[in-house]
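In: Okay, sequence plus prediction incoming.
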Amino acid sequence: MNKIKEVLQQLQNLYDCKDWWPVHKNTDRFLEVSVGAILTQNTNWSNVEKAINNLIRENLLDWEKLEKVKITKLKECIKPAGFYNQKSIYIKNFVKKVKNLPRENVDRKTLLSIKGIGEETADSILLYGLDRPYFVVDAYTKRLFYRTGITGSVNVPYKKLQNMVMETFPQDTETYKLLHALIVEHCKKYCRKKPVCEECSLKKICKQNLK
DNA sequence: AGCCAGGCCAAGC
DNA sequence: GCTTGGCATGGC
């Protein structure tokens, strides 16, 4: 039997996740998701929220405004999200490249050509900002897949993990949003860096338990 | 008081 | 191609 199906189906039985990338009302979803995806690189979401709220308060969550705003001002706003020197440049790079592109022309390759946007950030933007069917692989995914025995190493290349999911499940945006949400939910609660295996519902099927 | 969080890039093998 | 170090804040 397929381990990846077993684990993810189990998660579906456990959690009731909704459409989950948080966005504010009356904002450009594509822009807000993109900025959020950059800001959340190796960063806790609560810090990202502070940064996004600063941007909204300063009326800067807007393509034109972001392009024109002084870098020092941008840094000030996003400071709570950490790594603000590089992230401010990443946001500028993104806005400059994408602002005048028709959205149907924004594809994975385009995003990856922007300095500051790697595979996970690109796929997050595509899935949550543009409703394109790309499964997002993150640190949680790698960790969960490794510990449960879906993969044999923590260091499986991004594309390989993504393909595993995309070949196993329907190529459908709602499916990929749900699966990612389930993984995050479970890993935040149980499959943390320091795992809480005793209370974990995957205990019976997880490789960790067989040791 | 450390450790951790929804990565990415550049430099060095 | 793969590994390593640097980047920064706020919450627990």
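Out: Sure thing, it's come through. Numbering: from 1, shown residues only, chains lettered A, B, ... in the order given.
In: Going by C-alpha atoms from here, please, whenever you check contacts or count neighbours.
Out: Will do.
In: three-state assignment of the closest residue to A:Gln171 other than its chain neighbours?
Out: With C-alpha to C-alpha, 6 or more residues apart in numbering as the measure, A:Pro133 is the residue that lies nearest to A:Gln171, at 6.0 Å, once sequence neighbours are left out. In three-state terms, and counting by DSSP: H, G, I helix; E, B strand; the rest coil, A:Pro133 is coil.
In: Angles on the backbone of A:Pro133, please.
Out: Backbone dihedrals for A:Pro133, given as degrees, to the nearest 10, come out at phi -80, psi 80.
In: What is the burial count for it?
Out: Around A:Pro133 there are 19 other residues, counting by other C-alpha atoms under 10 Å.
In: Then the one 5 residues further on?
Out: A:Asp138: 18 surrounding residues under other C-alpha under 10 Å.
In: Confirm for me that it is in contact with A:Glu120.
Out: Yes. Applying C-alpha atoms under 8 Å as the test, A:Asp138 and A:Glu120 come out as touching, 6.5 Å apart.
In: Go ahead and flag the most central residue of chain A.
Out: Nearest to the mean C-alpha position of chain A, by C-alpha atoms, centre = their mean, lies A:Ser124 at 4.7 Å.
In: For chain A, which residues are neighbours of DNA strand C?
Out: Counting by C-alpha under 7 Å from any atom of the strand, the residues of chain A close to DNA strand C are A:42-44, A:46-47, A:79-87, A:155, A:157.
In: out of these, who has the most neighbours?
Out: Greatest neighbour count in those, by other C-alpha under 10 Å, goes to A:Ala81: 25 neighbours.
In: What residue spans form the domains of chain A?
Out: Chain A breaks down by automatic domain parsing into domains covering A:3-19+A:135-210, A:29-130.
In: does DNA strand B sit close to the longest one?
Out: Yes. Among the residues of domain A:29-130, A:37, A:40-45, A:83, A:112, A:114-122, A:124 lie within reach of DNA strand B under C-alpha under 7 Å from any atom of the strand.
In: and the longest helix anywhere in chain A, what other elements does it pack with?
Out: Ordering each helix of chain A by length in residues (DSSP state H) puts helix A:173-189 first. Of the remaining helices and strands, those touching helix A:173-189 by 3 or more C-alpha pairs under 8 Å, 6 or more residues apart in numbering; DSSP states H and E are helix A:3-14, helix A:139-148.
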